[in-house]
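Engineer: have a look at this fold, sequence not included:
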């Protein structure tokens, strides 16, 4: 292959189609028309002698050759971007995108103040906040697809402190005993991936047990709890955010709740990178302000 004649923009097109699985979405991301992007993709196909992507009802599916190329090309593009960035990072003038994976806790508690802080300090910077539960976070950090991940990254996700129920709930009239709490109809949050086993263990030591009546995602929890006698257990800050301005109320658990640390992860190759250091400092500042 004649590298002098090779258009490196073709690699940017490849990466966009690989990420989006769609020529149309990739074109919008790159500011290219669909015909222009298709033409660029066909040029790359000719150069590497492979179809790279096959159109299917579910989108553009990469060929084995494309999957083989994806990771090294992603690394190369990320390194090129970092090499071409200025040695100092001026937030007010920066025009770039940061991809951040957030768990449910961070999405509910940290997203709004973080977005506001970035908008105030760096109005041209774009944030791409992604739900960490749908991602292989460690692989994405390693490949450079993610800049930072915020969440709980240890083996045990015991992070809960308050029970949420509707206002006027019969159990809200007096202090909850372990037996009364266990006898309630409990909602389990299926989209969080959290380990709530500590509730069952704590109840078991008191001769009580919990009855799971329903499993549903975070987005449905508030509406269901507000129209039923079910109860759900959330972290203290998530619970406070959920009941604010709603027909829900908080009750203390009948036992001491364990705590867990929310962490920020990044690849160590970015330790000294000015833009990433600015982002990490801003996230730390926002979290302290909570």
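Structural biologist: All right, it came through fine. Quantities reported herein were computed from a predicted structural model and do not represent experimental measurements. Numbering: from 1, shown residues only.
Engineer: which of the helices and strands in the protein ranks last by mean pLDDT?
Structural biologist: strand 162-166 (a mean of 58; mean pLDDT, DSSP states H and E).
Engineer: beyond that strand, next helix or strand please.
Structural biologist: helix 178-183 (DSSP states H and E).
Engineer: give me the contacts around the helix or strand just after that following helix.
Structural biologist: Downstream of helix 178-183, the first helix or strand assigned by DSSP H and E is strand 185-189. Residues from elsewhere that reach strand 185-189 (Cβ atoms under 8 Å, 6 or more residues apart in numbering): 104, 196, 210-218, 221, 224-225, 228-234. All C-beta atoms are positioned from the backbone trio N, CA, C, and that covers glycine.
Engineer: what subset of those is buried?
Structural biologist: 104, 196, 210, 214, 216, 218, 221, 225, 230-234 (16 or more other Cβ atoms under 10 Å).
Engineer: residue 98: which of these is nearest?
Structural biologist: Set against residue 98, the nearest of the buried ones among the contacts of strand 185-189 by Cβ to Cβ is residue 104 (19.9 Å).
Engineer: secondary structure element holding the closest residue to residue 102 other than its chain neighbours?
Structural biologist: Excluding its sequence neighbours, the residue lying closest to residue 102 (Cβ to Cβ, 6 or more residues apart in numbering) is residue 150, at 5.1 Å. Assigned by DSSP H and E, residue 150 belongs to strand 148-151.
Engineer: what lines up beside the helix or strand encompassing residue 101 in the sheet?
Structural biologist: Here residue 101 sits within strand 97-102, counting by DSSP H and E. Note on strand 97-102: by DSSP bridges, its sheet partners are strand 126-131 (parallel), strand 148-151 (parallel).
Engineer: how about residues contacting the very next helix or strand once past it?
Structural biologist: Moving toward the C-terminus from strand 97-102, the next helix or strand (DSSP H and E) is helix 104-109. Residues from elsewhere that reach helix 104-109 (Cβ under 8 Å, 6+ apart): 129, 131, 133, 150-152, 159, 189, 191-192, 218, 235, 237-238, 241-242, 262, 290.
Engineer: now the buried members of these.
Structural biologist: Buried, going by 16+ other Cβ under 10 Å: 129, 133, 150-152, 159, 189, 191-192, 218, 235, 237-238, 241-242, 262, out of the contacts of helix 104-109.
Engineer: lowest pLDDT pick from those residues?
Structural biologist: Within these, residue 159 has the lowest pLDDT, namely 31.
Engineer: rewinding a little: please tell me how far the residue nearest to residue 102 sits from residue 239.
Structural biologist: To residue 239, residue 150 is 19 Å away according to Cβ to Cβ, to the nearest Å.
Engineer: likewise for residue 275?
Structural biologist: Counting by Cβ to Cβ - residue 275 and residue 239 are separated by 35 Å.
Engineer: now the helices for the stretch 1-150 of the chain?
Structural biologist: 9-20, 23-30, 34-48, 64-84, 104-109, 111-121, 137-143 (DSSP state H, counting those that start in this stretch).
Engineer: using TSV, lay out the ones you listed together with distance to residue 58.
Structural biologist: Formatted as TSV, the helices of the stretch 1-150 of the chain follow (distance: least, Cβ to Cβ, whole Å):
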stretch	distance to residue 58
helix 9-20	13
helix 23-30	13
helix 34-48	18
helix 64-84	15
helix 104-109	27
helix 111-121	29
helix 137-143	21
